[in-house]
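Trainee: I'll drop the sequence and a predicted model, then ask my questions.
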Amino acid sequence: MPTILEKVSLQPYNSLALPAVAEFFCAVQTSAELLAALEFARSRDLPVIPLGGGSNIVLAGDITGLVLRIDIKAVSHRVLGELVEVTFAAGENWHDFVLWAVKNNFGGIENLSLIPGNVGAAPIQNIGAYGVELKDIFHSCRGVMLDSLNEFELTKSECEFDYRSSIFKSKFKNKIIITSVQFILTKSRHNFNINYNDLKINLVNTELTIKKISDEVIRIRKSKLPDPKSFGNCGSFFKNPIVNISRYKSLIDKFPKIPCHKINKSNYKISAAWLIDQSGFKNKKDKKVGVYVNQPLVIINHGNASGRDLLNLANNIKETIYSNFEIELEEEVLII
């Protein structure tokens with residue numbers, strides 16, 4: 001039986017460094033410990049709140065129930081001709097996974113360098129950056145259903161991936177815990193992606209390698225995003241809104257400089273960072289919370305902020321963006 005603690009501060013376990021107390025807390029390192037902890041929660045009729053790296057969550061207040069920190073670690077891979085099948089346990093650090101792949105010259109994941117958090121949370125958000133999303137390399141995942149404690153396995157199509165979304169944020173929200181994720185990477189004949197302007201600038205006329213792309217992504221992210229050790233943050237707070245072609249045309253007519261990215265023949269992605277910047281929030285701050293000067297998508301904790309302080313600023317941003325552009329921003333982070 002794993003150790004289950006009562007009244008545990010979650011401030012060290014979330015990258016925003018927000019104060020919150022868990023009624024019960026347990027860190028599990030094996031599947032057997034996970035099942036034992038879930039049996040404990042079931043015996044007391046407690047809700048279960050899984051916690052990975054704590055990098056994409058906002059703790060709105062104290063948490064009733066059992067907070068489970070998933071620390072399960074394991075790595076394996078096998079070569080399949082020009083491809084490689086890789087399995088990482090949910091508790092493995094995402095960026096460490098990327099660096100491992102880069103070191104072994106396994107391709108497809110290099111654009112996702114330096115994204116904070118753990119592997120188990122990546123499918124929930126369908127994390128993405130610089131033209132690549134998790135679904136592009138995802139094969140399947142395994143985990144446990146919270147109601148029955150039965151194990152499950154889901155393929156890519158069954159996960160219903162969408163922009164920063166998946167079945168784990170809809171039908172299976174608060175109903176599962178992922179224990180491992182399987183990916184398919186390239187061993188040779190890599191398909192490099194430098195379509196984003198930030199990458200093109202320094203890489204377009206060079207001989208591309210997996211490491212060069214990863215290094216450039218890391219450089220760009222470090223220049224734009226604050227280190228959580230210096231400023232509590234959870235990365236991008238909002239999704240880039242997606243609009244249809246008629247709405248896109250009306251926006252361009254009113255705001256010719258608005259940055260847009262064509263997704264397909266019917267839809268365009270609008271830069272949420274630009275909307276926030278144009279609305280006067282960039283580097284806006286008070287004693288507790290603010291918007292990061294180098295990246296308006298990032299809300300930071302200047303110290304002693306509560307989850308409510310942070311959410312008040314987020315709601316102010318959303319209301320202002322709608323007033324200025326008639327666009328509804330949606331949170332990318334998970335609010336607990």
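Mentor: Great, that's in hand.
Trainee: quick check: C260 vs N244, distance?
Mentor: Applying Cβ to Cβ, to the nearest Å, the value for C260 to N244 is 12 Å. For the C-beta atoms, the positions are set from N, CA and C on the backbone; glycine is no exception.
Trainee: what sits in contact with each of the two?
Mentor: Y268 (Cβ atoms under 8 Å, 6 or more residues apart in numbering).
Trainee: who's more crowded, these two?
Mentor: Taking neighbours as other Cβ atoms under 10 Å, C260 and N244 compare with C260 leading, 16 against 10.
Trainee: how about residues contacting stretch 141-158?
Mentor: In contact with stretch 141-158 (Cβ under 8 Å, 6+ apart) are residues 31, 34-35, 38-39, 42, 48, 90, 123, 135, 138-140, 159, 167, 174-182.
Trainee: quick one, longest helix in the protein?
Mentor: helix 307-325 (DSSP state H).
Trainee: what's the helix or strand just after it packed up against?
Mentor: Next helix or strand after helix 307-325 toward the C-terminus (DSSP states H and E): strand 334-335. Other helices and strands packing on strand 334-335, by 3 or more Cβ pairs under 8 Å, 6 or more residues apart in numbering; DSSP states H and E, are strand 57-58.
Trainee: go with 10 Å
Mentor: strand 57-58, helix 307-325 (3 or more Cβ pairs under 10 Å, 6 or more residues apart in numbering; DSSP states H and E).
Trainee: of these, which is nearest P2?
Mentor: For the helices and strands packed on strand 334-335, the distance to P2 is smallest for strand 57-58, at 21.6 Å, taking Cβ to Cβ.
Trainee: remind me which helix or strand L99 belongs to.
Mentor: Assigned by DSSP H and E, L99 falls in helix 94-103.
Trainee: buried only: go through the contacts of stretch 141-158 for me.
Mentor: With neighbours counted by 16 or more other Cβ atoms under 10 Å, the contacts of stretch 141-158 contain buried members at 31, 34, 38, 48, 90, 123, 135, 138, 140, 159, 167, 176-182.
Trainee: looking at those, which are in helices?
Mentor: Per DSSP H, these map to helices at 31, 34, 38, 123.
Trainee: ok, so of those, who is nearest K7?
Mentor: Minimum distance to K7 across those is 20.4 Å, recorded for L38 (Cβ to Cβ).
Trainee: just the helices in the protein please.
Mentor: Counting by DSSP H, the helices of the chain are 31-43, 94-103, 122-125, 197-203, 210-224, 245-254, 272-278, 307-325.
Trainee: deepest-packed of these, please.
Mentor: Mean neighbours per residue, mean count of other Cβ atoms under 10 Å, is largest over those for helix 122-125, with a mean of 25.
Trainee: just give the nearest non-adjacent residue to Y292, would you?
Mentor: Spatial nearest neighbour of Y292, excluding adjacent residues (Cβ to Cβ, 6 or more residues apart in numbering): V298 at 4.0 Å.
Trainee: H139: what's it in contact with?
Mentor: Neighbour list for H139: 83, 85-87, 155-156, 181-185 [criterion: Cβ atoms under 10 Å, 6 or more residues apart in numbering].
Trainee: same check, this time on K254
Mentor: Neighbouring residues of K254 by Cβ under 10 Å, 6+ apart: 325-326.
Trainee: which pLDDT value belongs to it?
Mentor: Confidence at K254, expressed as pLDDT, is 96.
Trainee: now it: how far from N324?
Mentor: K254 is 10 Å from N324, by Cβ to Cβ.
Trainee: go on, N56?
Mentor: Remark: distance between N56 and N324 (Cβ to Cβ) = 27 Å.
Trainee: what do you get for N111?
Mentor: Distance of N111 to N324, given as Cβ to Cβ: 31 Å.
Trainee: what's the burial count for R189?
Mentor: Neighbour tally, R189, other Cβ under 10 Å: 8.
Trainee: which residues touch the nearest residue to F161 once chain neighbours are set aside?
Mentor: Spatial nearest neighbour of F161, excluding adjacent residues (Cβ to Cβ, 6+ apart): K135 at 3.9 Å. Counting by Cβ under 10 Å, 6+ apart, K135 makes contact with 123, 126-128, 156-157, 159-163, 166.
Trainee: mind giving me the ChimeraX select for these, buried ones only?
Mentor: A single ChimeraX command selects the buried members of the contacts of K135 (16+ other Cβ under 10 Å):
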select :123,126,127,128,156,159,160,161,163,166
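Trainee: what's around the residue nearest to K287 when sequence neighbours are not counted, how many residues?
Mentor: Of all residues not flanking K287 in the chain, H302 sits nearest, at 6.5 Å (Cβ to Cβ, 6+ apart). By other Cβ under 10 Å, 14 other residues sit near H302.
Trainee: distance of H302 from R308?
Mentor: 15 Å.
Trainee: then A37?
Mentor: Counting by Cβ to Cβ - A37 and R308 are separated by 29 Å.
Trainee: same thing with S15?
Mentor: 18 Å.
Trainee: residue ranges for the strands of the stretch 151-300 of the chain, please.
Mentor: Here the stretch 151-300 of the chain has its strands, by DSSP state E, counting those that start in this stretch, at 151-155, 176-186, 232-236, 242-244, 260-262, 267-270, 289-291, 298-301.
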